[in-house]
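Engineer: Generate coordinates for the sequence data below:
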Amino acid sequence: LNKLEKEFLVFPNPTADALNLQLNLKNQTQTATVRMFDISGRLLNQWRYDNVQKERYQYNVSNLSSGTYFLQVVTEEGAGTKKFSVNK
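Structural biologist: Next up, the predicted model:
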């Protein structure tokens, strides 16, 4: 399985209210699962997208406390995780 960290961007970082995910996958993937975790590894939210390659998604993180979080992207080709911070 590939590491996908080079194939997506998470911005702005740090953020207060909105987090953008920019996918730049080498190949179109049938299914992409995006998971958001807190620093202790608890799953906060999960989204599933079909037939994606170069897409941008926006998530509302205004309800999250200040701190460190992780966004993970999983496809059939691999997975990658990026850290982001929420600063109020």
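Engineer: how far is the host helix or strand of residue 25 from where the chain is centred?
Structural biologist: Using DSSP states H and E, residue 25 maps to strand 18-38. In terms of Cα atoms, centre = their mean, to the nearest Å, the gap separating the centre of strand 18-38 from the centre of its chain is 5 Å.
Engineer: do stretch 26-46 as well
Structural biologist: Distance, centroid of stretch 26-46 to centroid of chain: 6 Å (Cα atoms, centre = their mean).
Engineer: remind me which residues of the protein are low pLDDT?
Structural biologist: Low-confidence segments of the chain (pLDDT under 70): 1.
Engineer: Find the residue at the geometric middle of it.
Structural biologist: residue 71 (3.5 Å; Cα atoms, centre = their mean).
Engineer: Give me the helices and strands touching the strand holding residue 25, please.
Structural biologist: strand 8-11, strand 43-60, strand 67-75 (3 or more Cβ pairs under 8 Å, 6 or more residues apart in numbering; DSSP states H and E). The C-beta positions use only the backbone N, C-alpha and C, and glycine is treated the same way.
Engineer: for the first one, packing partners?
Structural biologist: When contacts are defined as 3+ Cβ pairs under 8 Å, 6+ apart, strand 8-11 sits against strand 18-38, strand 78-86.
Engineer: Reformat those into a markdown table and put distance to residue 59 and mean neighbour count next to each item.
Structural biologist: Below are the helices and strands packed on strand 8-11 laid out as a markdown table (distance: least, Cβ to Cβ, whole Å; neighbours: other Cβ atoms under 10 Å):
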| stretch | distance to residue 59 | mean neighbour count |
| --- | --- | --- |
| strand 18-38 | 5 | 16 |
| strand 78-86 | 10 | 16 |
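Engineer: Make TSV out of those and add distance to residue 3.
Structural biologist: Formatted as TSV, the helices and strands packed on strand 8-11 follow (distance: least, Cβ to Cβ, whole Å):
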stretch	distance to residue 3
strand 18-38	12
strand 78-86	6
